[in-house]
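S.K.: here's my sequence, what's the structure:
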Amino acid sequence: MSQIINVIIPAFNEEDSIAHVIHEIPDIVSEVIVVSNNSTDNTDCVAQNAGATVLREERKGYGYACLKGMEYIASKDIKPDIVVFLDGDYSDYPSELTYIVSPIIDKDIDFVIGSRVKRLREPGSMTFPQIFGNWLATTLMKVFFRANYTDLGPFRAIKYNKLLALKMVDKTYGWTVEMQLKVLKKRYSYIEVPVQYKKRIGVSKVSGTIKGAIFAGVKILSWIFKYSFR
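M.R.: Numbers count the residues shown, from 1 in each chain. Next up is the predicted model:
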């Protein structure tokens, strides 16, 4: 029995990259949902012309965009079996989605993260704040929760029913780490799959600015310490 797969792509001013991302998503995906997160360029039109379902979320924040996509899925008559989250900046290789969902389909794993391992990363594709932040966050989760995470990679897949049970709430930078922490708390099965990573098109709204990097770091650490005392 084939699995129904939906992809959610949060996008803020990604008119130059979003069509590349959509066109390289494998045909096994039933629907690509692009959530334009208060974009002021032509992201909406480009994504729609590329074949995606386009939603608008005026409240700025990665988590807001992801929650908007989930809200749309919940309104549909036919629900997916798997939801994949993917960035719209073309830094990931969308064709590797098959690797991301394979452990769920073939091995009944609940949650899969695409890990941006060093040997598969294009030089300069991750900034120092990203590399250090990933190391610090995953090290703390290993210390506090005995987790086996190596990355907070945004390219990830999860069973839809398991995603709903997580009751995600973060509206901004803490979305990825909230999901990973709640997966640990729920004792879901999880695995990381090595993925390639390249320089994004355009400038990152988080790691590309000092303010964004600091806010993201504070939010991620606050989630970890919050859960370590529960």
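
S.K.: helix/strand/coil for residue 27?
M.R.: Here residue 27 is coil, with the state taken from DSSP: H, G, I helix; E, B strand; the rest coil.

S.K.: burial count for it?
M.R.: Each residue near residue 27 was counted by other C-beta atoms under 10 Å, and the total is 5. Glycine gets a C-beta too; all of them are placed from N, C-alpha and C.

S.K.: which stretch of helix or strand covers residue 40?
M.R.: Of the helices and strands defined by DSSP states H and E, none includes residue 40.

S.K.: any idea which element the closest residue to it other than its chain neighbours lies in?
M.R.: Using C-beta to C-beta, 6 or more residues apart in numbering and skipping residues adjacent in sequence, the residue nearest residue 40 is residue 13, 6.3 Å away. In the assignment (DSSP H and E), residue 13 maps to no helix and no strand.

S.K.: from residue 74, how far out is residue 13?
M.R.: 27 Å (C-beta to C-beta, to the nearest Å).

S.K.: and for residue 167?
M.R.: 13 Å.

S.K.: next: residue 50.
M.R.: To residue 74, residue 50 is 24 Å away according to C-beta to C-beta.

S.K.: repeat that for residue 124.
M.R.: Applying C-beta to C-beta to residue 124 and residue 74 gives a distance of 39 Å.

S.K.: show me the helices in this structure, by range?
M.R.: 18-23, 43-49, 62-75, 97-107, 128-145, 160-166, 175-185, 210-228 (DSSP state H).

S.K.: got any ranges where the protein has weak pLDDT?
M.R.: Regions of the chain meeting the criterion pLDDT under 70 cover residues 1, 202-217, 227-230.

S.K.: quick one: contacts for the residue nearest to the spatial centre of the chain?
M.R.: The residue lying closest to the centre of the chain (C-alpha atoms, centre = their mean) is residue 154, at 3.0 Å. The contact partners of residue 154, taken as C-beta atoms under 8 Å, 6 or more residues apart in numbering, are 85, 86, 87, 92, 176.

S.K.: adding distance to residue 150 and neighbour count, write these out as CSV.
M.R.: CSV is the format used below for the contacts of residue 154 (distance: C-beta to C-beta, whole Å; neighbours: other C-beta atoms under 10 Å):
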residue, distance to residue 150, neighbour count
85, 18, 25
86, 19, 27
87, 18, 20
92, 16, 24
176, 13, 23
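
S.K.: please flag which of the residues you listed sit within strands.
M.R.: Mapping those onto strands (DSSP state E) picks out residue 85.

S.K.: which of the contacts of residue 154 lies closest to residue 8?
M.R.: Of all the contacts of residue 154, residue 85 has the smallest distance to residue 8: 5.4 Å, by C-beta to C-beta.
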